[in-house]
Structures are given as structure tokens and as C-alpha cells.
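Participant: My questions concern the predicted model and sequence given below.
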Amino acid sequence: MGVTVAIAGWFCAAAALPVAHAAIVVAYESGVDAYVEALAGMEAGLDAHSARAIDVHAAGGLGALERALASPDARLVITVGSRALAEVQSRHPAAPVLATMVLHGGGEAPAGRLEVEVGLAAQLEAIHTLLPRAQRVGIIRDPARSRYTTEMLESRARKLGFTAVVVECGGAAQLLKAVTSLKGKVDVLLCFPDPELYNAVTIKPLILASIDLRLPVVGFSPAFVRAGAAVGIYADYREVGRQTAAMAGRYLRGEERLGKEEPFKVRVSINQRVARLLGVEFRTRGLAVEVLK
């Protein structure tokens, strides 16, 4: 795989443009399906004749990134994901960075950031559509990393007609104990992105516990649903790419500080096999839902 990769048509169209002379440098990490979708979504909004992509995971990619960041032609750097953001910041802290597909609190981005986490309101609205009788939502929160305080979660849920039962959990070793403590107290378990709590090691035991407790898990990615979460509520990654391109356009037109945005569009998927195991029937009327059977 080359240093500059033709993920979408606009990378191909700009093939004659040297990386060092690109006005927009897009730094990303290959091998992540969500990033590929986001890059494809940028196609319609970024100028094919001024944007170049650099895979920081590819051989020679970091050297190409160094050269691109040193170029006086680079007006904006778009980083896709946390690794690309870290690589850019470690080399050029003052670079005008628009960070996209990042989690809350994951590094500073001077130009702006588009966080991939779906807001609580959108999550609860989708849950209400899928499970109208579910009013008690369990949330496991790590105080060291959570974007919301317990009080915020309880207050925001209450405004939307839910009762949030928040359990604090200081790490993966305490996760199953936290899940078990919710038995009989909640109707669903809503999981927020947290790589320390929810990862390849912890998800399988979590899913097994949820089935044993007959507690539907609401995950935050397609992979989480494939692993056994009953529901997934997550950003439409292609739309995140389009949203990123729109933010980049505003920056290039003179809006130097874009602030922070959340995804405009949300996707929902359900794991039908797990739903049957739990004895849960989801209502999908009026909601675009992908069903995994």
C-alpha cells in the first residue's frame, strides 16, 4: 500500500499533486472500516485538486507526514482517528488541525474537532422508539474518563422521560460486578465508548452476563452489535466524513476556530439472534434500522 492511498475518487483525481504541496493534508490510519467510510464521505466536499491523504500506518507514511506538515502550502490538516491526531501533534503541535472520528477528551485540535460519540439525547430517543416501555437505563461510568458526571446523566435522562441508574466503575476488573449490580434495577444497559471498559477482552464476558441477566446491551459500534449487543446506536461514519468536509470548508473560508461538533446523523442496528435469546421484541416503525440475523 502506498504512502498516499486512493481511498476515494478525489484521492485518485489528485494523484499528480505532490504531498508536500497539498493545501489540505488528510492523515489517517488504514485497516479501520469506520475510517474508510468517513474518508469516502469526505469525497463530495473536499477539493480533489488540493487534498492529499497520508496513511500513517503505511511504510514511509510518517516520513511523508513530516514533509507535508513542513510545507508552507498546507493550510489545514484533517486527522482521522486518535492515532493520526497524536502523530501530527507530536511532530507539529502548532499545525492547524481539524480532528475527526475522535473520542471525547482525546487531544487538542486547534482548528476544531468532530467527536464520533453520539449524544445522550439521540441515544435515548432511539431506545424509546425501539423499546417504548423501557424507562430505566443503566449506565456504567468510569469517573476518570466519562464526559458526563453522574448528576448530568441523571438530569438529562430525566428530562427525556428516563431514569438513569449510574454505577461507577474504576476499570475493566470491576466491570462484571458493576453489571451484576444492575440486576432488576434497569431495563437496558447503555454503553458509552470507553476502550478501557469495553474492549476485545471484556466484551464477551459482558455479553454473556447480559444474557444471563436478561439485560439488553446498547452498544456504540457495528462491531459491538456483531459481538452480541442487542442494539447499536452509533454515528453514520460516511456522514461524519461529509460533516468534516463542511467544517474544513468553513475553516478555509476564514472561520479559524470551528469548535466542537457531534455527529449529525445516527445509525441504529439490532442483533435479532440476541433479541430472541433475551425475549425482547424491538419496534422499528419510523426508524431506519439494520437488522443482523
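Facilitator: Happy to help now that I have it.
Participant: how about low-confidence regions in the chain?
Facilitator: Across the chain, residues meeting the criterion (pLDDT under 70) sit at 1-22, 48-49, 106-108.
Participant: quick one, strands of it?
Facilitator: Using DSSP state E, the strands of the chain run over residues 24-28, 51-55, 76-80, 97-102, 112-115, 136-141, 163-168, 188-190, 217-219, 231-235, 260-261, 266-271, 289-292.
Participant: Turn those into JSON lines, columns for distance to Q174 and mean neighbour count.
Facilitator: In short, each C-beta sits where N, CA and C put it, glycine included. Formatted as JSON lines, the strands of the chain follow (distance: least, Cβ to Cβ, whole Å; neighbours: other Cβ atoms under 10 Å):
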{"stretch": "strand 24-28", "distance to Q174": "34", "mean neighbour count": "27"}
{"stretch": "strand 51-55", "distance to Q174": "37", "mean neighbour count": "26"}
{"stretch": "strand 76-80", "distance to Q174": "32", "mean neighbour count": "29"}
{"stretch": "strand 97-102", "distance to Q174": "26", "mean neighbour count": "27"}
{"stretch": "strand 112-115", "distance to Q174": "26", "mean neighbour count": "24"}
{"stretch": "strand 136-141", "distance to Q174": "9", "mean neighbour count": "22"}
{"stretch": "strand 163-168", "distance to Q174": "9", "mean neighbour count": "18"}
{"stretch": "strand 188-190", "distance to Q174": "15", "mean neighbour count": "25"}
{"stretch": "strand 217-219", "distance to Q174": "17", "mean neighbour count": "28"}
{"stretch": "strand 231-235", "distance to Q174": "24", "mean neighbour count": "25"}
{"stretch": "strand 260-261", "distance to Q174": "30", "mean neighbour count": "14"}
{"stretch": "strand 266-271", "distance to Q174": "26", "mean neighbour count": "22"}
{"stretch": "strand 289-292", "distance to Q174": "29", "mean neighbour count": "14"}
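Participant: Export these as JSON lines, with columns for distance to V179.
Facilitator: Below are these laid out as JSON lines (distance: least, Cβ to Cβ, whole Å):
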{"stretch": "strand 24-28", "distance to V179": "34"}
{"stretch": "strand 51-55", "distance to V179": "38"}
{"stretch": "strand 76-80", "distance to V179": "32"}
{"stretch": "strand 97-102", "distance to V179": "27"}
{"stretch": "strand 112-115", "distance to V179": "26"}
{"stretch": "strand 136-141", "distance to V179": "7"}
{"stretch": "strand 163-168", "distance to V179": "8"}
{"stretch": "strand 188-190", "distance to V179": "7"}
{"stretch": "strand 217-219", "distance to V179": "9"}
{"stretch": "strand 231-235", "distance to V179": "16"}
{"stretch": "strand 260-261", "distance to V179": "31"}
{"stretch": "strand 266-271", "distance to V179": "18"}
{"stretch": "strand 289-292", "distance to V179": "22"}
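Participant: do you know which of the ones you listed lies nearest A122?
Facilitator: Closest to A122 of the strands of the chain, according to Cβ to Cβ: strand 266-271, at 5.1 Å.
Participant: got the contact list for that closest one?
Facilitator: 118, 122, 126, 130, 222, 225-226, 228-236, 282, 284, 287-292 (Cβ atoms under 8 Å, 6 or more residues apart in numbering).
Participant: Tell me which strands that strand pairs with, and in which orientation.
Facilitator: strand 231-235 (antiparallel), strand 289-292 (parallel) (DSSP bridges).
Participant: Kindly reformat the ones you listed as TSV and extend each row with distance to G170.
Facilitator: Shown next, in TSV, are the strands paired with strand 266-271 (distance: least, Cβ to Cβ, whole Å):
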stretch	distance to G170
strand 231-235	25
strand 289-292	32
